[in-house]
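Participant: test case, fold it:
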Amino acid sequence: MSRIGKKPIEVVKGVEVSVNGQTVKVKGPKGAVERVIHHSMNAVVEGGAVKVVPKTAGKEDAKFHGLTRTLISNMVIGVTQGFTKNLTLVGVGYKAAQSGKNITLNVGYSHPVEVKAPEGIELKVDKVVNISVSGAEKEVVGQMAASIRGIRPPEPYHGKGIRYSEEVIKTKVGKAAGKK
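Facilitator: Have a look, this model is predicted:
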């Protein structure tokens, strides 16, 4: 059994957790999240906690014990606190503008790039160069931030592009031939 998987998940006040077969639904102040857990795991709601129990004690089932517990824990955290990823635009003339729920990026292309927010995701622009992606589902927030970063990833010579706020770009040295 997994050490992480053995820990019960505390359900805070204002959060509802319901288990129907392999489907776990979590409702809270920031929204509702639903997930189908692995077929070798069972989730049980007991009192103010959720426990993940493997159906059998096999080595194959043990692999998913800690994973399933962490996924359900992230669902509870997501509907109470939410998840946020911050991006920064680095480059001369690079800027972002809020247009309703969507954002428009000017990042060195001949045209502005429109980014549409999927359902459950909130995009915010702060000071023209900072973008905040937030929502209740950790994977969706991370994927949305990665797809925005993928529009203009940081280049290795000057570091221009869209990067995560905490990301450090290791720049390369340019050409040195012929400079004597």
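Participant: pull the helix or strand with minimum mean pLDDT from this protein.
Facilitator: Ranked by mean pLDDT, DSSP states H and E, the weakest helix or strand in the chain is helix 59-62, scoring a mean of 78.
Participant: that helix - contacts with which helices or strands?
Facilitator: Helices and strands touching helix 59-62, as assessed by 3 or more CB pairs under 8 Å, 6 or more residues apart in numbering; DSSP states H and E, are absent. Any C-beta I mention is one placed from the backbone N, CA and C, and that applies to glycine too.
Participant: quick check: buried residues in that helix?
Facilitator: D61 (16 or more other CB atoms under 10 Å).
Participant: other residues contacting the helix or strand just after it?
Facilitator: Per DSSP states H and E, the first helix or strand lying C-terminal to helix 59-62 is helix 65-80. Outside helix 65-80, the residues that touch it by CB atoms under 8 Å, 6 or more residues apart in numbering are 1-5, 7, 9-12, 14-15, 17, 24, 26-33, 35, 37-38, 41, 43, 50, 52, 54, 83, 135-138.
Participant: over to stretch 105-113?
Facilitator: Residues contacting stretch 105-113 (CB under 8 Å, 6+ apart): 89, 91, 93-97, 104, 114-115, 148, 151-152, 160-162.
Participant: just stretch 160-169 next, same as before
Facilitator: 85-92, 94, 105, 107-108, 130-131, 145, 148-149, 151-156, 159.
Participant: okay, domains of this protein per the record?
Facilitator: 3-80, 83-164 (automatic domain parsing).
Participant: among the ones you listed, which gets the worst mean confidence?
Facilitator: Mean pLDDT is lowest for domain 3-80 out of the domains of the chain, coming in at a mean of 91.
Participant: can you get me the start-to-end distance on that domain?
Facilitator: 25 Å (CA to CA, to the nearest Å).
Participant: quick check: which element contains the spatially most central residue of the chain?
Facilitator: Note on the chain: the residue nearest the mean C-alpha position is G142, at 2.8 Å, using CA atoms, centre = their mean. Following DSSP H and E, one finds G142 within helix 138-149.
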